[in-house]
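> Would you be able to build a 3D model of this:
(chains A, B and C)
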Amino acid sequence: MFDWLFRYANPARFMGLTTTLLPWLSGAAVLALAAGLYLGFSAPPDYQQGRTVLILFIHVPAAIMSTMVYGCIVVASLFSLVNRHILADVAARTAAPLGAIFTLLALATGSLWGRPMWGVWWVWGDARLTSTLVQFFLYLGYIALWGAIEDETRAARICAVLALVGAVNIPIIKYSVEWWATLHQGESIMSGKLAGVFLTPWLVMMLFYVLLFVCLWLVRIRTMILERRIRSLMQGAS
Amino acid sequence: MTPFLALLSRDLRLSVREGGGAALALVFFALVATLVPLGVGSDLALLAKVGSGVLWVGAALAALLSLDRLFQADYEDGSLDLIALSPLSLEGTAAAKILAHWLSIGLPLTLFSPILSVFFGLSAPTVMALTLSLAIGTPAVSAVGAILASLTLSVRRGGLILPLLVLPLLVPVVIFGAGMAVEVQTGLANGAPRFLLAFSLGATLLSPFITAMAVRLNLAG
Amino acid sequence: MNFDMSPYGAFIWPAYGLSALLLGSFTLWTIARWRAAKAKLASLEQK
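Have a look, this model is predicted:
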């Protein structure tokens, strides 16, 4: 089932494939951004939220990407441990800073959306926001661990285990935070609802975020592959 | 004496001889319980509200202190290679070390908590619930801590990164542990005990296997 | 396109601004690093 994947997991083939794909993907990303911004700013104010609904167009995609990127790291980590493939190691490592940025944006935009809505900059009672905060720490820890271990292959395996342990824990953490939020919140929390007319701009922005991630991820992997070649050339010369 | 008990008693002896056993953790725990009222104010009604949570956080932090040496000391002087060759499986080794950590750190913290509860004016039933929650939850802290300690055993200044890695994973333990004390304090059943118990059981059962895997990854290099 | 954000402008623009700043600079940095690697590899392979 994964034969096609392994065929392109060969670094040389991977470089070839991505060289062809990237111009199209990045072009599509730019189009999606332009279309999303146009649709978003043309939309009328929401009945309840006014124009702050605009923030949801960049908050919800960022929050979804925060989870999705971690999912990519988990999948890459599985391949890293089971198949011991260098491309999987590189894929996991390069995705992490992107995931951290998306998570940070989700937190910041969530806070900026919440202030006019709830009156406060942070609401602990919002289980999703609190879980995102914990997720941010998980990203930071993962990135820190990669930097702390010198041997790259060993670092890849160890960080893969960390990612998987985190993956198992995340549903438990999310459940415990939800449980805690229902226990402690007094006021009712208004969640960000997107009615019909706002669905299209949000979907287009979501598409942009996904395309942006894929493009940046592929470029970073390609860069890492080149940097490995550089290092082996320099070691061979010395 | 079985290899398991031999390793267990060796680790316990080492923790007393080299680390002063629980002393550092207990003093740290007491310092947290002292600093929070100093920072928050002496209003006993407020302190009673936050007491269980503060003590749980203090215990979790105190338990982290000795975690980085759990495997690193043996790794650095070569004993870990010898232990890996012993008749005791790595999973058994991990289990022995987790148990040693709990006996030397987690259990003393648990037993010390009723005394520190005085700083927060907690009622007797709440203190009992808090102590029980710590008894159930601190094994999970040792278990989860052991996983991360084994992953970072080759990192020279691993002690700095360990809290960053462990604390997010301990969020459920702190939530349900403090929640268990709050349940008694407010008189409203909230289901915390069974979640705490489930998490603790799961963590202590799974941790030896993951810890052993991490040790193998580090020794293989 | 409607740019009248009252009264929420102080929240909407920083949100978009921060997103543009972080994502934009990360994109630029990624591209810069790629170009540097490509150049370095080319110079190494010429030797």
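
> residues from chain A in reach of chain C?
A:38, A:41-42, A:44, A:50-52, A:54-55, A:58-59, A:62, A:97-98, A:101, A:104-105, A:108-109, A:112-113, A:115-116, A:212, A:216, A:219-220, A:222-223, A:226-227, A:229-230, A:233-234, A:237 (CB under 8 Å from any CB of the partner chain). No exception for glycine: its C-beta is placed from N, CA and C like everyone else's.

> And the residue nearest the centre of chain C, how close does it get to C:Leu18?
Chain C has C:Gly24 as the residue nearest its centroid, 1.5 Å off, counting by CA atoms, centre = their mean. C:Gly24 is 10 Å from C:Leu18, where distance means CB to CB, to the nearest Å.

> what's the answer for B:Phe4, then?
54 Å.

> now do B:Gly21
Counting by CB to CB, the gap from B:Gly21 to C:Leu18 is 49 Å.

> May I see the buried residues of the host helix or strand of A:Phe79?
Per DSSP states H and E: A:Phe79 is located in helix A:53-83. Within helix A:53-83, the residues that qualify as buried are A:53-63, A:65-70, A:72-81, counting by 16 or more other CB atoms under 10 Å in any protein chain shown.

> quick one: which of B:Gly21 and C:Leu18 has more around it?
Comparing B:Gly21 with C:Leu18 by neighbour count (other CB atoms under 10 Å in any protein chain shown), the higher total belongs to B:Gly21, at 19 against 16.

> So that one is in contact with B:Ser15, correct?
Yes: using CB atoms under 8 Å, B:Gly21 is in contact with B:Ser15, at 5.4 Å.

> what touches both of those two?
Each of B:Ser104 lies in contact with both B:Gly21 and B:Ser15 under the rule CB atoms under 8 Å, 6 or more residues apart in numbering or on different chains.

> residue ranges for the helices of chain B, please.
Under the criterion DSSP state H, helices of chain B are mapped to B:3-19, B:23-40, B:44-64, B:69-76, B:79-85, B:90-101, B:107-117, B:124-151, B:158-169, B:171-186, B:192-220.

> got CSV for these, with distance to C:Ala39 too?
As requested, these are arranged in CSV below (distance: least, CB to CB, whole Å):
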stretch, distance to C:Ala39
helix B:3-19, 52
helix B:23-40, 52
helix B:44-64, 45
helix B:69-76, 41
helix B:79-85, 44
helix B:90-101, 47
helix B:107-117, 56
helix B:124-151, 37
helix B:158-169, 34
helix B:171-186, 45
helix B:192-220, 36
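
> want to try a markdown table for those helices, with mean neighbour count as columns?
Formatted as a markdown table, these follow (neighbours: other CB atoms under 10 Å in any protein chain shown):
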| stretch | mean neighbour count |
| --- | --- |
| helix B:3-19 | 15 |
| helix B:23-40 | 16 |
| helix B:44-64 | 21 |
| helix B:69-76 | 20 |
| helix B:79-85 | 14 |
| helix B:90-101 | 23 |
| helix B:107-117 | 20 |
| helix B:124-151 | 25 |
| helix B:158-169 | 20 |
| helix B:171-186 | 24 |
| helix B:192-220 | 19 |
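
> what number of residues lie near A:Trp24?
Neighbour tally, A:Trp24, other CB under 10 Å: 11.
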